[in-house]
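1. Test case, fold it:
(chains A and B)
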Amino acid sequence: MLHVAVASRAFRRYSTYRAATVAGVFTNSVFGVIYSFAYLALWKANPDAGGYDAVDAVTFVWLGQALLMTVALWGGGATDDLAERIRTGDVAIDLYRPVDLVGWYLASDLGRAAYHFLTRGLAPTVVGLLLFDIALPDSPVAALGFALSIPLAVVVSFAIRFLVASTAFWLLDASGPRILTGALAIFLSGMSLPLVLFPGWLGTLAEALPFSAMIQVPNDIWLGRHTGLDLVGALAFQAGWAIVLLLACRLVLALATRKLVVQGG
Amino acid sequence: MAETSTTPASARSWHPVARYGDMARLWVRAELSYPASFAMLVVGSMLINALDFAGIAIMFSSIDSLGGFGLREIALLYGATGVGIGIADTLIGSVERIGEFIRTGRLDQMLTKPVPLLVQVCSDRFTLRRLGRITQAGVVMAWALPVVDWTPSRVLVAVLMVLSSSALFFGLFVLFSCVQFWTSDASEFANAFTYGGNTLTQYPLTVFPRELAIALTVVLPIAFVNWYPCLYLLGRSDPFGFPAWLQFCSPLAASVVVAAALLVWRTGVRRYTSTGS
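-> The predicted model follows:
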């Protein structure tokens, strides 16, 4: 119940900035259009590059734009609040509370993600549907799988961002690690180019890393490239990384609490 | 730097460029006092941009040409637009945060100081970290240079291209940041044109439909950032059949955009009323 309350407050907090949301939807749509034409040219030169066809490729672009803010690929969201509270020392108050810190921030980030999904996720997708030929899930199972994979993608992304924010316990300023991780996430999630186009070992590596759980896996589920047992496997891949990374968050937090010194005691 | 501190204020040049230099130096000194953080941010900035070009290079593992252009030709386009936005972003990137200055009331403080407002806004938090982008784009462009059959006139056009590209992005940053005089939390709107313009010009214009190519020439002349001068450098005829003299018009397009940006900036400042905070 508490976590639902935290999540709904986070949702409402983000819904305050309406002009920012409209500007963001506009920007997502502009980038969607640019990448769509670039990919159309690529798939015109090689009609089945990476096993996608041109419609799959354009669909991939717009799903990526929809998920970009939902999973906070660049960083941001509840974990930025955490990094700032570690820097200022306010995190001591968070640690005093009789609730688990990871769960608290996760609930808050899920509330944010829900808002971003409903606005900056859905609106650019509608723009994409109007302007381009986009594939819809061809079975209810694929649609359901996609719906399940989004929250998993958010949890994986949250856990990585939480770990990055936790570096502030040692470095005080987490902006260096935040920028580095953001750059890796953009490249290795499939956001800058679908991972199916990555050659050889680079492709294998990128698909095994948790970043692929944020964009590539949900998109492939939507496109119907995971069916039956393979679909279960894709969701298990996301869930597996989510669990491992959340446990890592717990561990890092325990280590950090032991060394935490707040001014005055 | 030592002489700045010893020169009496009355003897200093009040030229805006000199003022800009003073403030930028202050920020650089502040930045370098945290060397570890600075190093990490420079490496991060170079990594972001290196991965950006890696994405395009990987495309060429499944194709030989994109929109009729090879990888080196696209690297030339990429380098020209990257150096351009890199220089503009280093010099005046802070103008993006005008909405923040309005919300926090800092713009009011700035208005009381005897230095042009645009100079103050642009030099705020000047950072050398953005040199990472210029360096990376410069390296990509250098790699692409052998693809051009160099002549003296092509060298001239190439130099003018980089200058015009910087000026065009300068104009775009200022022009679209001015939107924040009207809605102070819509800073992301400008990204569609600045970073969007940068992304768009990384690809040959031939990947876009003809209507868009016309709009990017006549309405919002982003195609002059690199496309038209690069056609001249590569000795190609215009794929859309547009006149060849457009290939020399980048400086003109840049002047028009910069003039428009300064006009809109003045209008924005005139209609600005403080939030009172």
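2. List the contacts of the residue of the stretch 51-200 of chain A found nearest chain B.
-> Using C-beta to the nearest C-beta, the single residue of the stretch 51-200 of chain A nearest to chain B is residue A:176, 3.4 Å away. Every residue, glycine included, has its C-beta placed from N, CA and C. Applying C-beta atoms under 8 Å, 6 or more residues apart in numbering or on different chains to residue A:176 gives the contacts B:37, B:40, B:41, B:44.
3. residues contacting residue 46?
-> Assuming you mean chain A. B:62, B:63.
4. nope, chain B please
-> B:132, B:133, B:135, B:136.
5. which regions of the chain sit below the pLDDT cut-off?
-> Picked chain A for this. Within chain A, the ranges that satisfy pLDDT under 70 run A:261-265.
6. other chain: chain B
-> B:1-13, B:275-277.
7. so which strand or helix has the residue nearest to the spatial centre of it?
-> Geometric centre of chain B, nearest residue: residue B:85, 2.6 Å, by C-alpha atoms, centre = their mean. Using DSSP states H and E, residue B:85 sits in helix B:71-92.
8. What helices and strands are in contact with that helix?
-> helix B:35-59, helix B:131-144, helix B:152-177, helix B:188-200, helix B:227-233 (3 or more C-beta pairs under 8 Å, 6 or more residues apart in numbering or on different chains; DSSP states H and E).
9. related to what we said a few turns ago, let me see the contact set for the residue nearest to the centre of chain B.
-> B:133, B:165, B:169, B:194, B:195, B:197, B:198.
10. And for the first one, nearest residue in space, chain neighbours not counted?
-> To tie it back to what came earlier, the one meant is residue B:133. Take residue B:133 and drop its neighbours on the chain: the residue closest to it by C-beta to C-beta, 6 or more residues apart in numbering or on different chains is residue B:86, 4.0 Å away.
11. Report how many residues lie close to that neighbour.
-> By other C-beta atoms under 10 Å in any protein chain shown, 26 other residues sit near residue B:86.
12. I figured residue B:185 hits residue A:20, correct?
-> Yes. With contact defined as C-beta atoms under 8 Å, residue B:185 and residue A:20 form a contacting pair (4.6 Å).
13. Tell me the residues on the stretch 1-150 of chain A that lie near chain B, please.
-> Neighbours of chain B within the stretch 1-150 of chain A, by C-beta under 8 Å from any C-beta of the partner chain: A:17, A:19-20, A:22-24, A:26-27, A:30-31, A:34-35, A:37-38, A:40-42, A:45-46, A:49-50.
14. Which of those residues are buried, as a ChimeraX select command?
-> Entered in ChimeraX, the line below selects the buried ones among these, by 16 or more other C-beta atoms under 10 Å in any protein chain shown:
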select /A:19,20,22,23,24,26,27,30,31,34,35,37,38,40,41,42,45,49,50
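15. coming back round to it: most neighbours out of the contacts of residue B:85, which is it?
-> Greatest neighbour count in the contacts of residue B:85, by other C-beta under 10 Å, goes to residue B:169: 31 neighbours.
16. Quick check, that one in contact with residue B:201.
-> No. Residue B:169 lies out of contact with residue B:201 (C-beta under 8 Å); the separation is 9.8 Å.
17. And for residue A:215, nearest residue in space, chain neighbours not counted?
-> According to C-beta to C-beta, 6+ apart, the nearest residue to residue A:215 is residue A:189 (4.1 Å).
18. ok, the one you found touching residue A:74?
-> No. Contact criterion C-beta under 8 Å: residue A:189 and residue A:74 do not qualify, at 10.8 Å.
19. shouldn't residue A:162 be in contact with residue A:81?
-> No. Assessed by C-beta under 8 Å, residue A:162 is found out of contact with residue A:81, at 11.2 Å.
20. Which residues of the stretch 101-250 of chain B lie near chain A?
-> B:183, B:185-189, B:191-193, B:196, B:199-200, B:203, B:206-209, B:212.
21. what sits against residue B:134?
-> Contacts of residue B:134 by C-beta under 8 Å, 6+ apart are B:82, B:83, B:86, B:87, B:90.
22. Could you point out which of the contacts of residue B:85 is nearest to chain A?
-> Looking across the contacts of residue B:85 and measuring by C-beta to the nearest C-beta, the closest to chain A is residue B:195, at 8.3 Å.
23. Contacts only, for the closest one.
-> Counted by C-beta under 8 Å, 6+ apart, residue B:195 has contacts residue B:85.
24. cutoff 7 Å now
-> Contacts for residue B:195 (C-beta atoms under 7 Å, 6 or more residues apart in numbering or on different chains) come out as none.
25. By neighbours, which of the contacts of residue B:46 wins?
-> residue B:136 (24 neighbours).
26. ok, for it, nearest residue in space, not its chain neighbours?
-> That would be residue B:49: by C-beta to C-beta, 6+ apart, it lies 4.0 Å from residue B:136.
27. where's that neighbour relative to residue B:141, distance?
-> According to C-beta to C-beta, to the nearest Å, residue B:49 stands 12 Å off from residue B:141.
28. do residue A:74 as well
-> Residue A:74 is 26 Å from residue B:141, by C-beta to C-beta.
29. Compare those two and say which is more crowded by neighbours.
-> Remark: of residue A:74 and residue B:141, residue B:141 carries more neighbours, 21 against 17, as counted by other C-beta under 10 Å.
30. so residue A:227 is in which element?
-> Counting by DSSP H and E, no helix or strand carries residue A:227.
31. What is the burial count for it?
-> Count around residue A:227 with other C-beta under 10 Å applied: 15.
32. Would you report the backbone torsion angles of it?
-> phi -130, psi 160 (degrees, to the nearest 10).
33. circling back to that earlier point, so of the helices and strands packed on helix B:71-92, which one's packed in deepest?
-> Mean neighbours per residue, mean count of other C-beta atoms under 10 Å in any protein chain shown, is largest over those for helix B:227-233, with a mean of 25.
34. who's in contact with it?
-> B:76-77, B:80, B:148, B:154, B:157-158, B:161, B:201, B:205, B:238, B:246-247, B:249-250.
35. which one of those is nearest residue A:203?
-> residue B:77 (26.2 Å; C-beta to C-beta).
36. Tell me who's in contact with that closest one.
-> Neighbours of residue B:77 in contact, by C-beta under 7 Å, 6+ apart: B:201, B:202, B:204, B:226, B:230.
37. what sits against residue A:67?
-> Applying C-beta under 7 Å, 6+ apart, the residues near residue A:67 are A:121, A:153, A:215, A:218.
38. returning to what we had before: okay, residue A:162 and residue A:81: which has more neighbours?
-> Remark: of residue A:162 and residue A:81, residue A:162 carries more neighbours, 26 against 19, as counted by other C-beta under 10 Å.
39. Surely residue A:59 is in contact with residue A:133?
-> No. Using C-beta atoms under 7 Å, residue A:59 is not in contact with residue A:133; the gap is 8.6 Å.
40. Quick check: phi and psi on residue B:66?
-> phi -120, psi 120.
41. no no, residue B:61
-> Torsion angles, degrees, to the nearest 10, at residue B:61: phi -80, psi -20.
42. give me the number of residues near it?
-> 14.
43. Report the contact partners of residue 128.
-> Chain wasn't specified; assuming chain A. A:32, A:62, A:134.
44. right idea, wrong chain: chain B
-> So residue B:128 contacts B:28, B:31 (C-beta under 7 Å, 6+ apart).
45. go on, the one 4 residues further on?
-> Neighbouring residues of residue B:132 by C-beta under 7 Å, 6+ apart: B:42, B:45, B:46, B:49.
46. Would you format these as a markdown table with distance to residue B:271 included?
-> Conversion of the contacts of residue B:132 to a markdown table gives the following (distance: C-beta to C-beta, whole Å):
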| residue | distance to residue B:271 |
| --- | --- |
| B:42 | 39 |
| B:45 | 35 |
| B:46 | 40 |
| B:49 | 37 |
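47. Perfect, I'm done here.
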